[in-house]
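Q: here is my input, please return the structure:
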Amino acid sequence: MLDKSKLKFLLDESLKTGADFAEIFFEDTNRSSLRVTSGEVTDTNFSNIHGAGVRLIKNSDVVYGYTNDITEKSLFDLIKKLRGSFTGKPSKSKDIGNSKPFKNDIEKPMDEVSQTTKANVLIGLSNRMKKYDKRIVQAISMLLHWQQKILVVNSEGIYQDDIRNYARVILMSVASENGNMQQVFEGPGRSMGFEIFDKIDFKHMADDVAERSILMLSAEDIVAQEMPVVLHKGWGGVIFHEACGHPLEATAIAKGLSPFVGKLGEKIGSDVVTAYDDGDAPGAWGRTTFDDEGKKTQKNLLIENGILKSYLVDYRNSFKMKHQTTGSGRRQNYKYPPTSRMNTTYIANGKENYKEIIKDTKYGLFAKQLGGGQVSPATGEFNFAVTEGYMIENGELTKAVKGAMLIGKGHEVLFKIDRVANNLDFGQGMCGSISGSIPTDVGQPTIRVSKITVGGRGER
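A: So this is what the prediction gives:
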């Protein structure tokens, strides 16, 4: 790694042709994966990515380049190419400061656990699902892990490093009967090491995944209609993440491509909706102590009792929007410039018991698990598949249904949320945007949307 005097030289060189901001982002990441299919190890992989990205900004114009050769000469050559995009008076970078402490409270580092130990745990979970029922034709368990070491240095004097550890366990059961095939998936992730297996009861989860795959074999196609929908805790928050979270990012707001543009301080949802994005939630899959611009992450209040309180804003867009940064600058790796992104985004707890919400719903759909979907951040329009759902009739869960698709607009749905339970939970996934794919948590307690369009293939 280059010392501070050489980094200061490179930053000063970056500002020689009129750029008013320069940044160098260093990264060294090790990734590993292990896959077991129906009790046998079928794939193992290890990779390393390392390099540096250079970003220069003048007003709101930005140029970016990267290299996997992090020598002083290579970085200087890259800087000379990038700074040619600007013409103007030279300036000097501020003196480089010192790195602030970051969290690295891993209890059981992955590289200290043998492949045999990891494989045996995964084999046990795979066999547990496979033996649950003879109709289960495939049972997959996977362990994904990566450790990302980063250093951000910029012309504002920032010098900040961080180490991020990501561990994710994937369980998938595929059941088949008479040509009907159903797949159920769970993929919890944490900012942890091998201790993730101590923190989560994966044996119980394996039984649950297997049971649900069998149950969905008897599910009926739902009839398309408008109805109340009770969205269950955890992964149900993916609708808020996609249809409301992305439109609250400066990436969309600064371009005027969001239904929430210019609505700070205004009512954008019902009184029972309060939402946060937390950048430093302990153990969370989407947690970072510092963002990819070297800023301390924080808990951002986005919506309070239906009132819009804040956007998610990165350094570059903070000037365009005249809005303070929120520690939300993120990127997949050194090949991407950062932009505003979510970390752990969720609707906060209400005061109700979720069973009472179901009991008070005369007719509707209980969406227990959601799958993939599509959303347009500019309009908030979305559609999401319900991978596990049940009809609600006279306040009780009845038959399992399949093929349900939730269709609507995020900013309209916020006003239709009329009940919020007190059972907040989270789901984990990879979120894609212009700065690449990053780990994020979605979350919510069980909520009820008073009316939403549900697509389906069933016949009346």
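Q: care to break the protein down by domain?
A: The chain resolves into domains spanning 4-218, 220-455 when parsed by automatic domain parsing.
Q: how far does stretch 3-23 sit from its chain's centre?
A: Mean-position distance between stretch 3-23 and its chain equals 33 Å (C-alpha atoms, centre = their mean, to the nearest Å).
Q: CA atoms of that stretch as CSV?
A: Listed next in CSV are the C-alpha coordinates belonging to stretch 3-23 (Å, rounded to 0.1, in the frame of the first residue of the first chain):
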residue,chain,number,x,y,z
ASP,A,3,2.2,5.8,2.1
LYS,A,4,0.3,9.0,2.7
SER,A,5,3.0,11.2,1.1
LYS,A,6,2.6,9.4,-2.2
LEU,A,7,-1.2,9.4,-1.9
LYS,A,8,-1.1,13.2,-1.3
PHE,A,9,1.0,13.6,-4.4
LEU,A,10,-1.4,11.6,-6.5
LEU,A,11,-4.4,13.6,-5.2
ASP,A,12,-2.6,16.9,-6.0
GLU,A,13,-1.9,15.7,-9.5
SER,A,14,-5.5,14.8,-9.9
LEU,A,15,-6.5,18.4,-9.2
LYS,A,16,-4.0,20.1,-11.6
THR,A,17,-6.4,20.6,-14.5
GLY,A,18,-9.5,22.0,-12.7
ALA,A,19,-11.2,19.1,-10.9
ASP,A,20,-12.5,20.2,-7.5
PHE,A,21,-12.6,16.7,-6.0
ALA,A,22,-10.4,13.6,-6.3
GLU,A,23,-10.8,10.2,-4.7
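Q: numbering from 399 from now on, please.
A: I'll keep to 399 as the first residue from here, and by that count the last item is stretch 401-421.
Q: residues in contact with that stretch?
A: Around stretch 401-421, the neighbours that count as contacts under C-beta atoms under 8 Å, 6 or more residues apart in numbering are 400, 422, 452-457, 470, 473-474, 477-478, 480-482, 484-491, 493-494, 550-554, 556-557, 691, 713. No exception for glycine: its C-beta is placed from N, CA and C like everyone else's.
Q: buried sites along it?
A: Buried residues in stretch 401-421, defined by neighbour count with 16 or more other C-beta atoms under 10 Å: 405-406, 408-421.
Q: could you say which helix or strand holds Asn502?
A: Assigned by DSSP states H and E, Asn502 falls within no helix or strand.
Q: so what sits opposite the nearest residue to it once chain neighbours are set aside in the bridge?
A: Distance criterion C-beta to C-beta, 6 or more residues apart in numbering; nearest residue to Asn502, sequence neighbours excluded, is Ile561 at 4.9 Å. Assessed by DSSP bridges, Ile561 has beta-bridge partners Lys547.
Q: what number of residues lie near Ile561?
A: Neighbour count for Ile561, taken as other C-beta atoms under 10 Å: 15.
Q: I'd like the distance between it and Pro507.
A: 11 Å (C-beta to C-beta, to the nearest Å).
Q: residues touching the residue found closest to Gln623 once you drop the neighbours it is linked to in the chain, list them.
A: Of all residues not flanking Gln623 in the chain, Val852 sits nearest, at 6.0 Å (C-beta to C-beta, 6+ apart). Contacts here follow C-beta under 8 Å, 6+ apart; on that basis Val852 touches 620, 622-625, 627, 763, 802-805.
Q: how about the backbone phi and psi for Val852?
A: Phi and psi for Val852, reported as degrees, to the nearest 10, are phi -120, psi 120.
Q: and if you look at the one 4 residues further on?
A: Listed backbone geometry of Gly856 is phi -70, psi 160, with angles given as degrees, to the nearest 10.
Q: returning to that earlier point: between which two of the buried residues of stretch 401-421 is the distance greatest?
A: Leu405 and Gly416 (20.5 Å; C-beta to C-beta).
Q: ok, of the buried residues of stretch 401-421, which one's closest to Ser833?
A: Comparing the buried residues of stretch 401-421 against Ser833 with C-beta to C-beta places Glu421 closest, at 13.5 Å.
Q: who does the closest one form a beta bridge with?
A: The partner residues for Glu421, given DSSP bridges, come to Arg453, Asn552.
Q: follow-up on the earlier one: name the nearest of the buried residues of stretch 401-421 relative to Val847.
A: Closest to Val847, out of all of those and judged by C-beta to C-beta, is Glu421, at 41.8 Å.
Q: ok so, going back, so which of the contacts of Val852 is surrounded by the most neighbours?
A: That'd be Val627 among those, by other C-beta under 10 Å, with 28 neighbours.
Q: hang on, that residue packs against Val847?
A: Yes - with contacts counted by C-beta atoms under 8 Å, Val627 reaches Val847, the gap being 5.0 Å.
Q: next up, phi/psi of the residue lying closest to Gly667 once chain neighbours are set aside, please.
A: Leaving out its chain neighbours, the residue that sits closest to Gly667 by C-beta to C-beta, 6+ apart is Leu812, at 3.3 Å. Note on Leu812: its backbone torsions stand at phi -60, psi -40 [degrees, to the nearest 10].
Q: contacts only, for Leu812.
A: 642, 666-668, 671, 701, 704.
Q: ditto for Asp839
A: Contact analysis of Asp839 by C-beta under 8 Å, 6+ apart lists 679, 682-684, 741-744, 824-826.
Q: which one of those residues sits closest to Ser571?
A: Of the contacts of Asp839, the one sitting nearest to Ser571 (C-beta to C-beta) turns out to be Gly825, at 17.5 Å.
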